[in-house]
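Q: Quick one: sequence plus predicted model below, questions after.
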Amino acid sequence: MVREADPGTATLFSYPMPIATCPFCGLLCDDLLVELEGDTLRPVRGACAHSRAAFSNLSSAPAAHAASRINGQSVSSSAALDAAAQMLSHARRPAIGGLAMDIEGMRAALTLARRIGAVMDHAVSSVKYRNLHVLQEAGWITTTLSEVKNRTDLLVLIGDGWHTRFPRFIERAIEPDPALFGTPLARRIILLDQQAATAAHALPQRYERLILKAPTAVLPELLSMLSAMAAGTPVDAARLVGVDTALLHQCIEWMRAAKYGTVVWAAPDLEIPHAELALQMLSRLLRTLNRSGRFAALPLAGSNGDLSANAVHTWQSGVAFPASHANRRVDFDPHRYAMPTVLARGEADCFLWISSLSAELTAPQYNGSTIVLGRADMQMATPPQVFIPVATPGVDASGALLRTDKVVSLYLQRLRNSALPSVADTLAALTERLEAR
Amino acid sequence: MIIKLAGANVIDPAHDVSHVVRDLYLRDGRLVDAPGAGERIEQTFDVSGMVAMAGAIDLHTHIGGGKVNLARALLPEIDTRDLLPASDVTEACFGGAAPSTLAVGYRYAAMGYSACFEPAMLPSNARQAHMEMGDTPLVDRGAYALLGNDDFLLRLLAGGAPQKRINDYVAWTLHATQAMAIKVVNAGGISAFKFNQRKLDVDDLHPHYRISPRQIITALTRAVQELGVPHPLHVHCSNLGVPGNIDSTLATIAAAEGRPIHLTHMQFHSYGTAGDRKFSSAAQRIAEAVNAAQNVSIDVGQVVFGQTVTASGDTMAQYRNSGLANPRKWALMDIECDAGCGVVPFKYRDQNFVNALQWAIGLELFLLIKDPWRVFLTTDHPNGGPFTSYPHLIRLLTDRSFRNDALATIQPDAAAQSTLKDIAREYSLYEIAIMTRAGPARILGLEDRGHLGAGAAADVVIYEPQADVEAMFRAPRYVFKDGRLVAERGELKAVSFGSIHTVKPEFDRGIERELDDYFARYQTLSMASSKIGDDEVRNLGRARNLLVHPCRAT
């Protein structure tokens, strides 16, 4: 007979605790060893500097025992929730931003957004939209971390985010060469632009490298030219200012010779005019290279829950951010509902900011009434009307997050006992208060 | 609380019941025998003259997981044309070619469906697939874990591992991903594509592992059978969409060596090379093979004219078809030494010879395969078309003159070539109940679904008989899910969440030592992180119940 699965089996087999998964960037490294003493969390293995700093900040006494505040004055969490519910219930055009949180938190945020008819956007969605826009215009050929680890024999790096924003990317995906397919990978590395070249020291010495050092601003032209060269179209390479022609030809030779090439970048590094055009040309280059060989992109993302929040919004409502949930409808418009635009135009009369993963990701300057659900150690220049400290997923609460490649998601275990509520529980309590009105 | 459905005209093929008028009783989410004299009936629905069937079951529909979400993200200009505004019980969301999880649940339930199975859950993406299915209301859910392109299995096979170890790995995968069955997509082909191989026939050797798709199919059909997993190996054959792929389809059937095998979206694998255009129907030969082989079941993957999006693990086929993308954009992914995915938007046009013939081939398969217990109604949603076209397809199957009228409107050469015009068969409502309820429940091993006997889940659909069968099936009079009225005449009345179906066969957990080492060495997360626990899937998957179906003793 069919039966209900046995109750109380939290996991199939025992997890070897205290191995922890780090929530502080999109790599979600799951090999951290974290010691716990009182409220203090000390990563003794696996954590990068970025992660160690976050654990250290969260270990401070104020962070572990932060209280809710109204206009900077400590209050009970119930009083803070009452005040927040009061503000949201009077709002005619509420907005929910930040959204740096786990998947359960995002589910709860969507429920609230529908109840109050809010506009929603993630803190970094304008940056993320660079990649999404190209997906919606042309498409992508992408790959994932384990494929890169085992297969990539040519790594093309743009910008330095693979080192500065995702400090263990090289250590986890490029440094090891486990030789899954028998022979070691003769990995080659191309550092495409100047910014990439500045982090060349972070690469394993044993891999052959080509440092093109193109000015980052010429990336659109450079990628367009590489795409034409890959297709065999004659080009005038001398036209590209600041790019060595001989190196450019070597670059395309390496690309053609690769068995499995991979282009890696982090979208926030592309602070150049026409960043989307650069990515569109990159998408075209990949399509051209795949006619005869294999080449794929690995955009690095996922930090601050950007991919997680966007994925939930996309599967539940059918469209990505930013979107409006006003008038019992959903409306997707990347320009109209971009949070900076909404705030600048004064189109919001109550602003809810959620950031449970990063203390630095604070609410943008805004003159209207503001509610912040923030990481407990968050420092704000101007105190919001209501501040409610929330649990950080993977530290004070369990929670799921999507990894940089948008395929793997991990379930982060809670590491210490904490009185801090999760974002999901806090938003559910808020929604309950609004429905009781 | 007892609900009585009075005077139903019951069609319940699992119990050989055809058009028998009787009362049905629903209590605490189950169908029950007539209550005793002292028991109070809370609510009675007079359904005299109306047809009662169990809730319908879709055994192959892409409703959750990364490839579906990628399709949603790819096509805002198409999906946003189809807004479902909020109602008193539902939330606002978009439908379209790649509908949101909410729209999927709402629309399936409104049509009388009570269970949906995601047929291509990548183990590396299983957690997300369960979370997406967890946000799919009103239907029970289950998923088939994808194997056969993962380097762990290919290494085992290349190294000549004993079948026992393969079985242990297959069982471990079912547990770790909370799956209901095992699926293989283009056996070895997705992996071969990563090595830049563009075609892999059933007896071709994989460029690195030097094993053939045939060996993979044989080993996996054997594993599934020996573990006693109720659903046969669920197979997406080699050479999807390629003219002449009838040969690899028949070779795949042979690779099962008589063991149970389910061939999915068979329409895409039933092509010959006859005629001026070197593209022809091989439905007749496939139907003969299926009719002769009791171990084979299929679902059709019927093509429906209009805009859709194809989302498949078969990167080799999706890349081959990317030139046909409409609108002209597509996305492809190599995934985690595990599998891949490709998303290619597509518009099937009735005046296009190939598309028109695909439409006819699907219908030929439905009508030429004799045993309705072994052929199932699918469009391979969204790949052949949306699941919302099922009522239309039911009319095409049950109404010959309607079918012939439709045939007269398609591209004339395709219509002339098809044998459809000569096929007189019309499905009865009893046969429709088999192929959409009793049959899927039986082939999946769902003992308490797909029928109306006492003890079954109270998933009941009441239809008002109409000359227009499409209208009858589009908006049932009443839909009950787990004993609760959730839809009436196509309008939702209540929203709840269904159960998750799984199997958990016995196996030797010693395989974890090998897996632990493999994950540490080659993957980028640990084996422990990859596993989804029971409580986790209950929460993230919003399960009413986490159901474990028994495996057959072997």
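A: Everything's here; your move.
Q: In the stretch 301-437 of chain A, which residue sits nearest chain B?
A: Closest to chain B within the stretch 301-437 of chain A is residue A:318: 3.0 Å, counting by C-beta to the nearest C-beta. (Each C-beta comes from the backbone N, C-alpha and C, glycine too.)
Q: Can you pull the residues of the stretch 401-550 of chain B lying near chain A?
A: Within the stretch 401-550 of chain B, the positions near chain A by C-beta under 8 Å from any C-beta of the partner chain are B:446-448, B:502, B:504, B:509, B:512, B:521-526, B:528-529, B:531-536, B:538-540, B:545-550.
Q: beta partners of the residue in chain B that chain A sits nearest to?
A: Nearest to chain A, among the residues of chain B, is residue B:94, at 3.0 Å (C-beta to the nearest C-beta). According to DSSP bridges, the partner residues bridging residue B:94 are residue B:83.
Q: Just the pLDDT for it.
A: We note a pLDDT of 97 for residue B:94 in this prediction.
Q: What's the local residue count around it?
A: 27 (other C-beta atoms under 10 Å in any protein chain shown).
Q: for chain A, what are the nearby residues on the stretch 1-150 of chain B?
A: Those residues of the stretch 1-150 of chain B that sit near chain A, judged by C-beta under 8 Å from any C-beta, are B:64, B:66, B:68-70, B:72-77, B:79-80, B:83, B:85-86, B:91-96, B:98-103, B:122, B:124-125, B:127-128, B:131-132, B:135.
Q: Taking the residues you listed, please make a PyMOL selection of just the buried ones.
A: Buried subset of those, written as a PyMOL selection, criterion 16 or more other C-beta atoms under 10 Å in any protein chain shown:
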select buried, chain B and resi 64+66+68+69+70+72+73+74+75+76+79+80+83+86+91+92+93+94+95+96+98+99+100+101+102+103+122+124+125+127+128+131+132+135
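Q: Assign the nearest residue to residue B:315 once chain neighbours are set aside to helix, strand or coil.
A: Leaving aside its chain neighbours, residue B:315 sits nearest to residue B:340 (3.8 Å; criterion: C-beta to C-beta, 6 or more residues apart in numbering or on different chains). Recorded secondary structure, residue B:340: strand (DSSP: H, G, I helix; E, B strand; the rest coil).
Q: near chain B, which residues of the stretch 151-300 of chain A show up?
A: Neighbours of chain B within the stretch 151-300 of chain A, by C-beta under 8 Å from any C-beta: A:151, A:172-173, A:178, A:180-182, A:259-260, A:290, A:293-294, A:296.
Q: Just the ones of those residues in strands?
A: Of those, the ones assigned to strands by DSSP state E are residue A:296.
Q: Redo the residues of the stretch 151-300 of chain A next to chain B as JSON lines? Include neighbour count.
A: Formatted as JSON lines, those follow (neighbours: other C-beta atoms under 10 Å in any protein chain shown):
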{"residue": "A:151", "neighbour count": "21"}
{"residue": "A:172", "neighbour count": "20"}
{"residue": "A:173", "neighbour count": "25"}
{"residue": "A:178", "neighbour count": "14"}
{"residue": "A:180", "neighbour count": "19"}
{"residue": "A:181", "neighbour count": "18"}
{"residue": "A:182", "neighbour count": "6"}
{"residue": "A:259", "neighbour count": "17"}
{"residue": "A:260", "neighbour count": "21"}
{"residue": "A:290", "neighbour count": "18"}
{"residue": "A:293", "neighbour count": "17"}
{"residue": "A:294", "neighbour count": "22"}
{"residue": "A:296", "neighbour count": "24"}
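Q: what are the phi and psi angles of residue B:347?
A: With angles defined as degrees, to the nearest 10, residue B:347 sits at phi -120, psi 110.
Q: Show me the beta-bridge partners of it.
A: Per DSSP bridges, the residues bridged to residue B:347 are residue B:307.
Q: Now residue B:198. Nearest residue, chain neighbours left out?
A: Nearest one to residue B:198, counting by C-beta to C-beta, 6+ apart, is residue B:316 at 6.6 Å.
Q: The helix or strand encompassing that neighbour packs against which elements?
A: According to DSSP states H and E, residue B:316 maps onto helix B:315-320. Helix B:315-320 sits against helix B:189-194, strand B:331-335, strand B:339-348, with contacts defined as 3 or more C-beta pairs under 8 Å, 6 or more residues apart in numbering or on different chains; DSSP states H and E.
Q: buried ones in that helix?
A: With burial defined by 16+ other C-beta under 10 Å, the residues of helix B:315-320 counted as buried are B:315, B:316, B:317, B:318, B:319, B:320.
Q: Kindly report the same for stretch B:513-525.
A: For stretch B:513-525, by 16+ other C-beta under 10 Å, it's B:514, B:515, B:518, B:519, B:522, B:523, B:524, B:525.
Q: From the residues you listed, which land in helices?
A: Assigned to helices by DSSP state H, the following of the buried residues of stretch B:513-525 qualify: B:514, B:515, B:518, B:519, B:522.
Q: quick one, what contacts the residue nearest to residue B:198?
A: Contacts for residue B:316 (C-beta atoms under 8 Å, 6 or more residues apart in numbering or on different chains) come out as B:186, B:189, B:190, B:192, B:193, B:197, B:198, B:199, B:200.
Q: Only the buried members of those: can you turn that into a PyMOL selection?
A: Remark: buried members of the contacts of residue B:316, expressed as a PyMOL selection using 16+ other C-beta under 10 Å:
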select buried, chain B and resi 186+189+190+192+193+197+200
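Q: how many other residues sit next to residue B:295?
A: Applying other C-beta under 10 Å, we find 17 residues neighbouring residue B:295.
Q: per-residue confidence for it?
A: As predicted, residue B:295 sits at a pLDDT of 98.
Q: Which two of the ones in helices among the buried residues of stretch B:513-525 have the greatest separation?
A: Using C-beta to C-beta, those span at most 11.9 Å, a distance reached by B:514 and B:522.
Q: sorry, back to before: any chance of the ones in helices among the buried residues of stretch B:513-525 in a markdown table, with distance to residue B:306 too?
A: Listed next are those as a markdown table, based on distance: C-beta to C-beta, whole Å:
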| residue | distance to residue B:306 |
| --- | --- |
| B:514 | 48 |
| B:515 | 44 |
| B:518 | 44 |
| B:519 | 43 |
| B:522 | 43 |
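Q: In JSON lines: those, plus distance to residue B:304 and pLDDT.
A: Formatted as JSON lines, those follow (distance: C-beta to C-beta, whole Å; pLDDT from 0 to 100):
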{"residue": "B:514", "distance to residue B:304": "45", "pLDDT": "97"}
{"residue": "B:515", "distance to residue B:304": "41", "pLDDT": "98"}
{"residue": "B:518", "distance to residue B:304": "42", "pLDDT": "98"}
{"residue": "B:519", "distance to residue B:304": "41", "pLDDT": "98"}
{"residue": "B:522", "distance to residue B:304": "41", "pLDDT": "98"}
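Q: about what we covered before: from the buried residues of stretch B:513-525, which is closest to residue B:43?
A: Distance to residue B:43, by C-beta to C-beta, is smallest for residue B:525 among the buried residues of stretch B:513-525, at 50.2 Å.
Q: Now do the SS call for the nearest residue to the closest one once chain neighbours are set aside.
A: Nearest residue to residue B:525 in three dimensions, chain neighbours excluded: residue A:30, at 5.1 Å (C-beta to C-beta, 6+ apart). With three-state DSSP as the basis, residue A:30 sits in coil.
Q: from what I can see residue A:30 touches residue A:411, true?
A: No - judged on C-beta atoms under 8 Å, residue A:30 makes no contact with residue A:411 at a distance of 9.8 Å.
Q: Looking at the two, which one has more neighbours?
A: The residue with more neighbours, out of residue A:30 and residue A:411, is residue A:411; 25 against 22, by other C-beta under 10 Å.
Q: The more buried one belongs to a helix?
A: No - counting by three-state DSSP, residue A:411 is not part of a helix but strand.
Q: beta partners for it?
A: Applying DSSP bridges, one finds that residue A:411 bridges with residue A:400.
Q: so who does it touch?
A: Taking C-beta under 8 Å, 6+ apart, we find residue A:411 in contact with A:398, A:399, A:400, B:127, B:529, B:532, B:536, B:540.
Q: Among those, which lie within strands?
A: Within the contacts of residue A:411, residues falling in strands by DSSP E are A:399, A:400.
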